[in-house]
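# Sequence and predicted model, in that order:
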Amino acid sequence: MKRRLFTAAALAAATFAAATPALAQDNVFKIGLILPMTGQQATTGRQIEAAARLYMAQNGATVAGKKIELIVKDDTSLPDATRRLAQELVVNDKVNVLAGFGITPSALATAPIATQSKTPMVVMAAATSSITQASPYIVRTSFTLPQVSVALADWAPKNGIKKVVTLVSDYGPGIDAEKYFKERLTFNGGQVTEALRVPLRNPDFAPFLQKVRDAKPDALFVFVPSGAGAAVMKQFLERGLDKAGIKLIATGDVTDDDQLNDMGDGALGVVTSHHYSADHPSALNKKFVAAFSSANKGMRPNFMAVGGYDGMRVIYEALKTTKGQGGGDALLAAMKGQIFESPRGKIFIDAQTRDIVQDVYLRKVEKKNGQLYNVEFDVIKDVKDPGKAK
Ligand code: PHB
């Protein structure tokens, strides 16, 4: 009898400890930041980590009486590694929040862990529409591919582009971009004559671009994830697609601010749609770009950095609102519905979908002070993810 009681008490204590991780270390608030720091997506990790550290430097490392501890883990963008690291962060480190997630498969692999452990999961990079539906504990501060692709399909036919070939990375965000671009272009009287998909890992764009050259569409629409854009641009120019009169149009992932300035003048004139440009002309963004650059040896922030910076804001404010006393559910509730000015413009975390609502810009690559930038020339305000209506 005595023994049974003891066991029950021990179990109750263990369950209590597991359910209230914050109590174990009263004054520390842990953020487990899982990012690709090496491999094909390493630029995403570098940008987001730098942005998270900048946010902490600017806003202090103590919030609502808690010391913020950032635990950065490299998942090399392999989803099995992301899942394992998330599990360790929740069980061993007892993190209060999971964050990061450089690519869609990493976010999807972690979603069940967030659900089971009731840990808020802030997706700062991955951008397939369906991600937020994979767990009720997911909040997103990046963007979705449907959200940014539709604007370009509205712009193109008004600018003499009727026949388009699409070329996307063959996984979630690419398939989203292809589908939503095509639907809207067709609705607007244009036509996607061919839809090409390239593998995510070690893509060779050359044979695809040769096909596009032979097909001679008015334009080629491209989505590839951050980090792969420069290779597409190089081969587009090397194969002479521009000289053949084929325009390159893309989501802003291709003219990524992390790489754009090294792409050379061949990139001039490329029109893209996206939610963030380092050239965004607001006072807040100018301050952000200057601070980011001076803290990181002149590095220019890209859209991944902004997703990380705003993700930290969402976490900090949730901690303030809950006065440092809340568990996962209270934090999540305080993340929903946040509305604030980001370096990209005004943003809103829709309480229903837990996804981001934001302005989407049309931009053109131009030279300013000898540097290449995505210069915004039009804006569509307060765009919700069109993927959620389906
Ligand atoms: C994704 O895998 O969801 C992803 C990665 C990089 C991007 C966009 C989407 O630039």
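Alright, I've got the coordinates.

# C-alpha only now, for contacts and for neighbours.
Noted.

# Can I get the helix or strand harbouring residue 213 in PDB, CA atoms only?
Residue 213 belongs to helix 206-215 when elements are defined using DSSP states H and E. Extracted in PDB, the C-alpha atoms of helix 206-215 (Å, rounded to 0.1, in the frame of the first residue of the first chain):
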ATOM      1  CA  ALA A 206      20.300  23.600 -67.400                       C
ATOM      2  CA  PRO A 207      18.100  21.000 -69.100                       C
ATOM      3  CA  PHE A 208      14.900  22.700 -67.900                       C
ATOM      4  CA  LEU A 209      16.100  26.100 -69.100                       C
ATOM      5  CA  GLN A 210      17.000  24.600 -72.500                       C
ATOM      6  CA  LYS A 211      13.400  23.400 -72.800                       C
ATOM      7  CA  VAL A 212      12.100  26.800 -71.900                       C
ATOM      8  CA  ARG A 213      14.300  28.400 -74.500                       C
ATOM      9  CA  ASP A 214      12.900  26.100 -77.200                       C
ATOM     10  CA  ALA A 215       9.300  26.700 -76.000                       C
END
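
# Give me the mean pLDDT for that helix.
For helix 206-215, mean pLDDT is 96.

# Could you pull out the buried residues of the helix or strand containing residue 45?
Here residue 45 sits within helix 42-59, counting by DSSP H and E. By 16 or more other C-alpha atoms under 10 Å, the buried positions in helix 42-59 come out as 42-56.

# of all those, which two lie farthest apart?
42 and 56 (21.4 Å; C-alpha to C-alpha).

# Contact partners for the residue nearest the centre of the chain?
Central residue of the chain (C-alpha atoms, centre = their mean): residue 125, 2.2 Å from the mean position. With contacts defined as C-alpha atoms under 8 Å, 6 or more residues apart in numbering, the neighbours of residue 125 are 44, 100, 101, 102, 103, 141, 142, 143, 304, 307, 308.

# Looking at those, which is nearest the ligand?
residue 103 (3.1 Å; C-alpha to the nearest ligand atom).

# surely the closest one meets residue 82?
No. At 10.1 Å, residue 103 does not count as touching residue 82 under the criterion of C-alpha atoms under 8 Å.

# Near the ligand, which residues of the stretch 201-350 of the chain? Just list them.
225, 226, 253 (C-alpha under 6 Å from any ligand atom).

# So which of those residues sit within strands?
Using DSSP state E, no member of those sits in strands.

# same for the helix holding residue 213, what does it pack against?
The contact analysis (3 or more C-alpha pairs under 8 Å, 6 or more residues apart in numbering; DSSP states H and E) places helix 206-215 against helix 229-238.

# Apply 10 Å and report the result again.
Packing partners of helix 206-215 (3 or more C-alpha pairs under 10 Å, 6 or more residues apart in numbering; DSSP states H and E): strand 163-169, strand 191-198, strand 219-223, helix 229-238.

# where in this protein is pLDDT low?
The model of the chain has pLDDT under 70 over residues 1-25, 389-390.

# And the helices in it?
2-19, 21-24, 42-59, 79-91, 104-117, 145-158, 172-187, 206-215, 229-238, 283-295, 303-321, 328-335 (DSSP state H).

# and residue 363, which of these is closest to it?
Closest to residue 363 of the helices of the chain is helix 145-158 (C-alpha to C-alpha; 9.9 Å).

# Quickly check: the closest one near the ligand or not.
No. Taking C-alpha under 6 Å from any ligand atom as the criterion, helix 145-158 and the ligand are apart, separated by no less than 7.3 Å.

# What of stretch 99-114?
Yes. Using C-alpha under 6 Å from any ligand atom, stretch 99-114 reaches the ligand at 102, 103, 104.

# Spit out the contact partners of residue 109.
By C-alpha atoms under 10 Å, 6 or more residues apart in numbering, the contact set of residue 109 is 78, 79, 80, 81, 82, 83, 84, 86, 101, 134.

# Let's see that with 8 Å instead.
Residue 109 makes contact with 79, 80, 82, 83 under the criterion C-alpha under 8 Å, 6+ apart.

# For residue 294, grab the count of nearby residues.
By the criterion of other C-alpha atoms under 10 Å, residue 294 has 12 neighbours.

# if I look at it, how far off is residue 306?
Note on residue 294: its distance to residue 306, by C-alpha to C-alpha, to the nearest Å, is 16 Å.

# and if you look at residue 290?
13 Å.

# So between the two, which is more surrounded?
residue 306 (29 against 15).

# so that one touches residue 50, yeah?
No. Using C-alpha under 8 Å, residue 306 is not in contact with residue 50; the gap is 10.3 Å.

# Which residues are in contact with residue 259?
Contacts here follow C-alpha under 8 Å, 6+ apart; on that basis residue 259 touches 227, 229, 230.
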